[in-house]
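In: predicted model and sequence follow; I will ask about them next.
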Amino acid sequence: MSKLVRFGVSLDEDLLNQFDRLLRQKKYTNRSEAIRDLIREELVKKEWTENREVTGAITLVYDHHARELVTRVLDIQHDYHTCILSSQHIHLDHHNCFEIIVTRGKSKDIEALFQKLKAVKNVKHAGFMMATRGKHF
């Protein structure tokens, strides 16, 4: 278990008041946990910019009736099979599908996969969530 260290931070009063309002909106119980989350978020971004082995999720919404869209989405996924751990296909209604693709690999490969899927004609929405494998913090 790591050792807890206390340190002080000096902030402009207006900035601190804005931060405290944000903490209340986000339901944080204290400043320390919010600061820990901000630090973790920056460390995850750093892993991604350094092209480390990371994980994440890609989401897609599309009309499966659109001509050759499903085939194109699957072809792209097969091209990137080494960084796809799993995918789940959900039928939202008669036309619309929601797909979740869980990834692990070099960040540049995952970002390339996301950009290619996002650019497929008739994809209605594409989302992306960066995560860490947790090895570096």
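Out: It's in.

In: lowest mean pLDDT among the helices and strands of this structure, which one is it?
Out: For the chain, the helix or strand with the lowest mean confidence is helix 31-49, at a mean of 94 (criterion: mean pLDDT, DSSP states H and E).

In: any idea how far that helix is from the middle of the chain?
Out: 13 Å (Cα atoms, centre = their mean, to the nearest Å).

In: equivalent analysis for stretch 66-80, please.
Out: 21 Å.

In: what sits up against it?
Out: 60, 62-64, 84, 87, 99, 101, 109, 112-113, 116-117, 120-123 (Cβ atoms under 8 Å, 6 or more residues apart in numbering). Bear in mind the C-beta positions are built from the backbone N, C-alpha and C, glycine included.

In: what comes up buried for the least confident helix or strand of the chain?
Out: 34, 44, 47-48 (16 or more other Cβ atoms under 10 Å).

In: for stretch 109-120, same thing?
Out: Result for stretch 109-120 [16+ other Cβ under 10 Å]: buried residues 109-111, 113-114, 116-117, 120.

In: again, but for stretch 58-70
Out: Quick answer for stretch 58-70 (16+ other Cβ under 10 Å): 58-60, 62-64, 69-70.

In: now these in a markdown table, with pLDDT and distance to Q25?
Out: Formatted as a markdown table, the buried residues of stretch 58-70 follow (pLDDT from 0 to 100; distance: Cβ to Cβ, whole Å):
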| residue | pLDDT | distance to Q25 |
| --- | --- | --- |
| I58 | 98 | 28 |
| T59 | 98 | 25 |
| L60 | 98 | 30 |
| Y62 | 97 | 33 |
| D63 | 94 | 36 |
| H64 | 90 | 38 |
| L69 | 95 | 39 |
| V70 | 94 | 40 |
